[in-house]
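Undergrad: One predicted model, sequence on top.
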Amino acid sequence: APCAGGRTDLFAPEGRSSVKLSPVYVVLLLTQVMFATLPVAVKVALHDLSSPSLALLRVTGGALLFVALHRALVRERVRSRRDYARLAVYALLGVVANQLLYITALTMTTATAAQMLQTAGPATTLLIAILLGRESSSPGKWVGIGLAASGALYLVGVELGSGSALGNLLALLNVAAFSLYLVISRDLVQRYDPLTTITWVFVFGVAGMAPWGIPSLLAERGAVSGSTWTALAWIIVIPTVAGYYLNVWALQRVESSVVAVYVYLQPVVTALLAGPVLGERLSPRLLPAGALIFAGVTLSAWAGRRARRRAKKRVADQQHVEA
C-alpha cells in the first residue's frame, strides 16, 4: 500500500493477548478491503487527473483529516527541531516518492498487478533492515526474501518492453521507497504516537508534493467530472485515513505477523473489483508471481518469529541463571 498504511509494518508493536480478538479480526478484514479499493479508485480518478495532481489532492486531503484526528485524539507535540527535520526527510520517502511512484505506476499497469506487488512490502522491509543492520539475518529470512523477490521480478516482466512492464517496475520502486521509510523511521515511531508521526509526515508531504502537483492541478481543474471527485473523496477518506487509522488500531491489539496475513487479501479483492469496474483481465503471470510473493513473505515472517522466540528464550535462560 501506499503511505497511508496499505502495506504491513514488520516492526509494529506487539499486542496483548488479553484483548478480545474477534472484533479485531473483523476490523482487519474491513481494513484490507478498504486498501484493496485504492488502486481501482485511483484508476477512475486518473481519467481526468494526472498522477501529480491526484497525488497532491490525496496527500492534502489526508493531511487535513489527519490533523483533525490528531487534535481530537492525541494532541502530542513534536519535541525537537531535529525531529521536525527528520519527519520532513521521511515525508520525501513515505509520501512524495511513495505517492508519485504508485499513482504513476497505475497509469501504466493494471490495478491488480500494482496491488499484488504491494504484498512484497514485508519482505522488502526485512531486506532493507538487514542491509542497514537494523535486523538480524538468517537462512530462512534470506530464502523468503529471495522467493518474494523472484515473484515480484517475474510480475515486473509482464509484457517486457511495454507500458505495463514499466508500470510494474514503478510499483516495485514504490514498495522499496516505503519500506526504506519504515526502517529508518522506526526509532521516531517508537518515541511518538503513530498518529503524530503520520500526521506530520503528511503535512510535510504536502509541501514536498506542491511543486509537482500545483502546475498540473491548475491546468486540469476545469475538466474534472463528478465521478472523479467522488473517487477522490473515497481515496482520501476510506483507504487513506480510515484504512490507516484502523490498521494502527489493530496493530496495537494483535501481533504484526497476524496483520501480515490479512495483507494477502488485498490483491484478491482488487482483482474481484477491477474486473467489473475497470474491465481488467488477469495476466497469466499473476497467480504464479503471487504464489512466490506469498511464500516468500510467509517464510520471512516465520523465520523472524522463530528468531524472536529464540532471543526471548536466551534472555529468560540468562535471567534464570543470574537468579
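TA: Happy to help now that I have it.

Undergrad: Show me the shaky parts of the stretch 201-323 of the chain.
TA: 251, 254-262, 283, 297, 300-301, 304, 308, 317, 319-323 (pLDDT under 70).

Undergrad: And S225, its phi and psi?
TA: phi -90, psi 170 (degrees, to the nearest 10).

Undergrad: Skipping adjacent residues, who's closest to it in space?
TA: D48 (5.5 Å; Cβ to Cβ, 6 or more residues apart in numbering). (Each C-beta comes from the backbone N, C-alpha and C, glycine too.)

Undergrad: I figured the one you found was touching R221, is that so?
TA: No. Here D48 does not reach R221: they are 9.8 Å apart, not a contact under Cβ atoms under 8 Å.

Undergrad: what about those two, which has more around it?
TA: Neighbour count, other Cβ atoms under 10 Å: between D48 and R221, D48 has more, with 19 against 11.

Undergrad: Now for that one: which residues touch it?
TA: By Cβ atoms under 8 Å, 6 or more residues apart in numbering, the contact list for D48 reads E220, A223, V224, S225, T228.

Undergrad: By neighbours, which of those residues wins?
TA: T228 (20 neighbours).

Undergrad: May I ask which two of the contacts of D48 are separated the most?
TA: Spatial extent of these (Cβ to Cβ) is set by the pair E220 and S225 at 11.2 Å.

Undergrad: picking up where we left off before, out of the contacts of D48, the closest to P211 would be?
TA: E220 (16.1 Å).

Undergrad: What strand or helix carries the closest one?
TA: helix 194-220 (DSSP states H and E).

Undergrad: Contacts for the helix or strand that that helix is followed by, please.
TA: Beyond helix 194-220 in the direction of the C-terminus, DSSP H and E gives the next helix or strand as helix 226-235. By Cβ under 8 Å, 6+ apart, the residues outside helix 226-235 that reach it are 37-38, 41-42, 44-45, 47-49, 54, 57-58, 61.

Undergrad: so what's the nearest residue to P39 once chain neighbours are set aside up against?
TA: Closest residue to P39 apart from its sequence neighbours, by Cβ to Cβ, 6+ apart: A111 at 3.6 Å. Shown in contact with A111 (Cβ under 8 Å, 6+ apart): P39, V40, V42, K43, T270, L273, A274, L278, E280.

Undergrad: now A111: how far from I235?
TA: Distance, A111 to I235, by Cβ to Cβ, to the nearest Å: 13 Å.

Undergrad: just N168 next, same as before
TA: Distance of N168 to I235, computed by Cβ to Cβ: 21 Å.

Undergrad: Those two: which has the busier surroundings?
TA: A count of neighbours by other Cβ under 10 Å puts N168 above the other of N168 and I235, at 30 against 27.

Undergrad: list the helices and strands the helix or strand where that one lies packs on?
TA: Taking DSSP H and E as the definition, N168 sits inside helix 163-184. In this structure, helix 163-184 packs against helix 98-105, helix 111-118, helix 121-131, helix 139-156, with contacts taken as 3 or more Cβ pairs under 8 Å, 6 or more residues apart in numbering; DSSP states H and E.

Undergrad: Can you say which of the ones you listed is nearest to Q32?
TA: With distances scored as Cβ to Cβ, the stretch of the helices and strands packed on helix 163-184 nearest to Q32 is helix 111-118 (10.5 Å).

Undergrad: could you give the angle of that closest one to helix 163-184?
TA: Counting by axes from the mean of the first three to the mean of the last three Cα atoms, to 10 degrees, helix 111-118 lies at 30 degrees to helix 163-184.

Undergrad: Mind listing what's buried along helix 111-118?
TA: A111, T112, A113, A114, Q115, M116, L117, Q118 (16 or more other Cβ atoms under 10 Å).

Undergrad: So for that helix, mean pLDDT?
TA: Throughout helix 111-118, pLDDT has a mean value of 83.

Undergrad: next one: it to chain centre, how far?
TA: 12 Å (Cα atoms, centre = their mean, to the nearest Å).

Undergrad: tilt between that helix and helix 139-156?
TA: Using the same axes, to 10 degrees: helix 111-118 against helix 139-156 is 160 degrees.
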